[in-house]
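Participant: Would you be able to build a 3D model of this:
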Amino acid sequence: MTNNFLIENFKHLTTTPENVEQLKKLVLQMAVQGKLTAKWRADVQTRFIASPELAQSPDYNARALLEKIKTDKEQLIKEGKIKRQKPLPPIADEEVPFELPESWEWVRLDLFSNYGQSLKIEPKKIKEPNTWVLELEDIEKTTSRLLQKVRFKERKSKSTKSVFQKGDVLYGKLRPYLDKVIVADEDGVCTTEIIPIKIIGSLNPYFIRLTLKRSDFLSYVDTQVSGMRMPRLKTDSARNALIPLPPLAEQQAIVTQVEKLFTQIDQLHALAQKRLNYREKSAKALFSKLNHAGNDTKLQEIWKTLTAHFHTLTQSKESVKQLRQSILQMAVQGKLTAKWREDVQTRYSASPEIFQSPDYNASALLQKIKAEKEQLIKEGKIKKQKPLPPIADEEKTFELPESWEWIRLIDYGLTNTGTTPSKNNPEYFGRDYPFVKPAEISLKGINYDTEDGLTKVGLKQGRLIRNNSVLMVCIGGSIGKSFYTNRDVSCNQQINTITPLAWISSEFLHYFFQSIYFQSEVWSRASGGTTPIINKGKWERIPISLPPLEEQKAIVTKVK
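Facilitator: Below you'll find the model as predicted:
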């Protein structure tokens with residue numbers, strides 16, 4: 001697999017940070033398996049075909065490099081610069097996680113490092129105020145990007161530090177799954193939770209860093225940590241860890257290839273984000289035009305443009321959300337059903353009296369609602385309410401079709417706010433009626449299967465909300481969230497409810513509640529700072545549009 005092939009075939013994976021992270025992990029794993037440098041090795045074979053002795057040098061043969069490392073290590077032990085460690089066991093076949101190229105070797109980390117033997121220093125002995133003091137928090141998890149470089153004069157820690165030198169690989173052993181590994185670009189000191197790995201021999205520290213970030217190494221580490229709250233990689237486990245060792249020249253080739261591919265991936269991600277931002281801006285502008293289209297001709301022009309570029313304009317969750325909001329806004333303004341009304345006019349042109357019925361005339365439907373309320377008042381089932389003022393022209397924020405009417409929310413039906421029976425009485429709580437709280441309401445439905453429910457006795461202390469009602473959260477960050485019921489329920493005081501009269505569609509009302517217009521009205525009328533709340537009195541006064549019965553059904557079908 002060539003690098004160009006890799007990049008070309010993964011362009012579509014660079015649209016999100018999560019995908020970029022996964023793609024980089026794939027590149028890294030291919031690198032440490034020698035798959036990125038297969039062509040490099042083939043070129044080397046061709047280049048040195050007349051000089052076969054070069055193929056046996058540490059630059060091009062890991063076995064020769066391994067012997068050189070062992071010699072260098074023995075010399076350091078002889079000079080007293082490092083301690084001789086307990087011999088490690090031979091590498092068994094079942095330990096090897098993947099096959100290596102012929103010129104590579106598997107080794108244990110301890111073979112070429114002094115893991116766990118770094119010098120310690122007390123802060124009072126640090127004389128230079130500009131000494132680099134590294135803490136785990138300075139390194140970004142997963143990416144291992146150095147977030148900040150803090151000096152001793154800025155961070156005068158009292159704890160013991162480990163000393164490191166330029167070129168050491170600094171490995172975060174605390175919660176190693178956070179994957180924090182960097183190469184020191186200058187001398188300094190660090191928390192003892194970071195292990196300075198001094199490399200013996202002339203190995204490339206940047207390649208060693210890559211091997212400590214590969215997927216199979218992280219999986220190994222996950223099985224070797226100790227401690228529950230603050231898991232750490234055990235020293236013996238780190239010394240025993242397997243490292244794939246390429247020849248010296250190939251180590252540098254791998255580092256170069258990985259840096260190149262990572263740069264290309266980042267560039268592709270930046271380009272993808274730029275395109276996505278442009279699309280989101282274009283979508284937002286188009287949806288805004290859609291929401292404010294003044295007539296059907298203009299609406300059809302915008303809708304034609306939108307459908308022609310539908311795939312492009314719905315590439316992000318935000319654009320999809322905006323499109324849904326635009327559809328709902330068009331619905332409550334009667335723009336989704338303009339053609340439906342034309343068809344109705346044609347279909348019943350010979351029976352004009354039908355346009356005076358509640359099915360096709362909102363004024364007639366409103367009279368039917370008022371008559372039903374008067375009957376309920378007469379029967380003592382509801383109380384007579386103080387009349388609300390007529391809806392002023394400035395409250396009518398958009399024009400309605402001729403067959404529609406502006407009314408206040410309370411005119412739609414019976415409004416209530418939930419209540420919670422006393423928790424001190426266990427006989428109030430059971431499984432007879434679902435007891436709905438804000439968490440149970442989503443834009444996809446209501447969760448009725450909860451542990452909290454009311455008994456028939458408890459319902460008398462609570463509030464019965466009849467089937468076909470709409471529940472809307474009236475407090476907190478999820479204020480305005482709503483859905484309609486398909487059974488009798490009760491709810492708490494954080495929810496306002498409306499039970500529509502005269503067979504008004506509760507689905508239509510729910511869709512109306514989620515429109516840009518209604519959500520804006522709810523939030524503008526809500527009081528409170530960090531915890532907004534809209535009381536029932538303010539809520540039921542909100543002006544809303546009333547379509548005829550049959551058009552409500554048509555709108556619900558169209559929206560779905």
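Participant: what about the longest helix in this structure?
Facilitator: helix 248-291 (DSSP state H).
Participant: tell me which residues of the biggest strand by length in the chain are tucked away?
Facilitator: As assigned by DSSP state E, the longest strand anywhere in the chain is strand 429-436. For strand 429-436, a neighbour-count test (16 or more other Cβ atoms under 10 Å) marks 429, 430, 433, 434, 435, 436 as buried. Just so you know, the C-beta spots here come from the backbone N, C-alpha and C atoms, and that holds for glycine as well.
Participant: for it, the distance to its chain's centre please.
Facilitator: 34 Å (Cα atoms, centre = their mean, to the nearest Å).
Participant: which neighbours does the helix or strand that comes right after that strand have in its sheet, and in what orientation?
Facilitator: Next helix or strand after strand 429-436 toward the C-terminus (DSSP states H and E): strand 441-442. Applying DSSP bridges to the sheet, strand 441-442 is found paired with strand 445-446 (antiparallel).
Participant: Show residues contacting the strand it pairs with.
Facilitator: Strand 445-446 is contacted by residues 434, 436, 440, 471, 483, 485, 489 when judged by Cβ atoms under 8 Å, 6 or more residues apart in numbering.
Participant: from those, which single one is nearest residue 248?
Facilitator: residue 440 (63.6 Å; Cβ to Cβ).
Participant: quick one: the closest residue to that closest one other than its chain neighbours and residue 183, what's the gap?
Facilitator: Among residues not flanking residue 440 along the chain, residue 447 sits closest, at 4.3 Å (Cβ to Cβ, 6 or more residues apart in numbering). Per Cβ to Cβ, to the nearest Å, residue 447 is found 51 Å from residue 183.
Participant: can you pull the contacts of residue 398?
Facilitator: Per Cβ under 8 Å, 6+ apart, neighbours of residue 398: 333, 517.
Participant: how long is stretch 169-188 from one end to the other?
Facilitator: With Cα to Cα, to the nearest Å as the measure, stretch 169-188 spans 12 Å from end to end.
Participant: higher neighbour count, residue 447 and residue 183?
Facilitator: residue 183 (19 against 14; other Cβ atoms under 10 Å).
Participant: The closest residue to that one other than its chain neighbours and residue 330, how far apart?
Facilitator: Leaving aside its chain neighbours, residue 183 sits nearest to residue 205 (4.8 Å; criterion: Cβ to Cβ, 6+ apart). As judged by Cβ to Cβ, residue 205 and residue 330 stand 61 Å apart.
Participant: again, but for residue 545
Facilitator: Look at residue 545 and residue 330: by Cβ to Cβ, they are 12 Å apart.
Participant: hmm, which of the contacts of strand 445-446 are the buried ones?
Facilitator: Listed as buried from these are 434, 436, 440, 471, 483, 485, 489; burial here means 16+ other Cβ under 10 Å.
Participant: how about those, which pair is most distant?
Facilitator: Largest pairwise distance in the buried ones among the contacts of strand 445-446, by Cβ to Cβ, is 12.8 Å, between 434 and 483.
Participant: just to confirm, which helix or strand has residue 331 in it?
Facilitator: Residue 331 belongs to helix 317-332, assigned by DSSP H and E.
Participant: now that helix: mean pLDDT?
Facilitator: Averaging pLDDT along helix 317-332 gives 82.
Participant: next one: that helix to chain centre, how far?
Facilitator: That offset, for helix 317-332, works out to 21 Å (Cα atoms, centre = their mean).
Participant: again with stretch 149-159
Facilitator: How far stretch 149-159 lies from its chain's middle: 35 Å, per Cα atoms, centre = their mean.
Participant: Give the buried residues for it.
Facilitator: Under the neighbour-count criterion of 16+ other Cβ under 10 Å, stretch 149-159 has 150, 152 buried.
Participant: Now do that stretch: everything it contacts.
Facilitator: 123, 126, 128-135, 138, 189, 191-192.
Participant: related to what we said a few turns ago, for residue 210, state which of the contacts of strand 445-446 is nearest.
Facilitator: residue 440 (48.9 Å).
Participant: which ones are touching that closest one?
Facilitator: Contacts of residue 440 (Cβ under 8 Å, 6+ apart): 434, 446, 447, 448, 450.
Participant: same check, this time on residue 412
Facilitator: With Cβ under 8 Å, 6+ apart, residue 412 has these contacts: 369, 498, 500, 501, 504, 509, 544, 546.
Participant: could those be laid out in TSV, adding secondary structure, pLDDT and distance to residue 358?
Facilitator: What follows is those, written out as TSV (DSSP: H, G, I helix; E, B strand; the rest coil; pLDDT from 0 to 100; distance: Cβ to Cβ, whole Å):
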residue	secondary structure	pLDDT	distance to residue 358
369	helix	90	9
498	strand	94	19
500	strand	90	13
501	coil	83	11
504	coil	77	10
509	helix	92	16
544	strand	93	17
546	strand	94	10
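Participant: Using JSON lines, lay out those residues together with distance to residue 460 and neighbour count.
Facilitator: Output for the contacts of residue 412, formatted as JSON lines (distance: Cβ to Cβ, whole Å; neighbours: other Cβ atoms under 10 Å):
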{"residue": "369", "distance to residue 460": "28", "neighbour count": "20"}
{"residue": "498", "distance to residue 460": "22", "neighbour count": "26"}
{"residue": "500", "distance to residue 460": "24", "neighbour count": "20"}
{"residue": "501", "distance to residue 460": "24", "neighbour count": "19"}
{"residue": "504", "distance to residue 460": "28", "neighbour count": "23"}
{"residue": "509", "distance to residue 460": "27", "neighbour count": "24"}
{"residue": "544", "distance to residue 460": "32", "neighbour count": "21"}
{"residue": "546", "distance to residue 460": "34", "neighbour count": "24"}
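Participant: Spatially nearest residue to residue 234 (excluding sequence neighbours)?
Facilitator: That would be residue 226: by Cβ to Cβ, 6+ apart, it lies 5.5 Å from residue 234.
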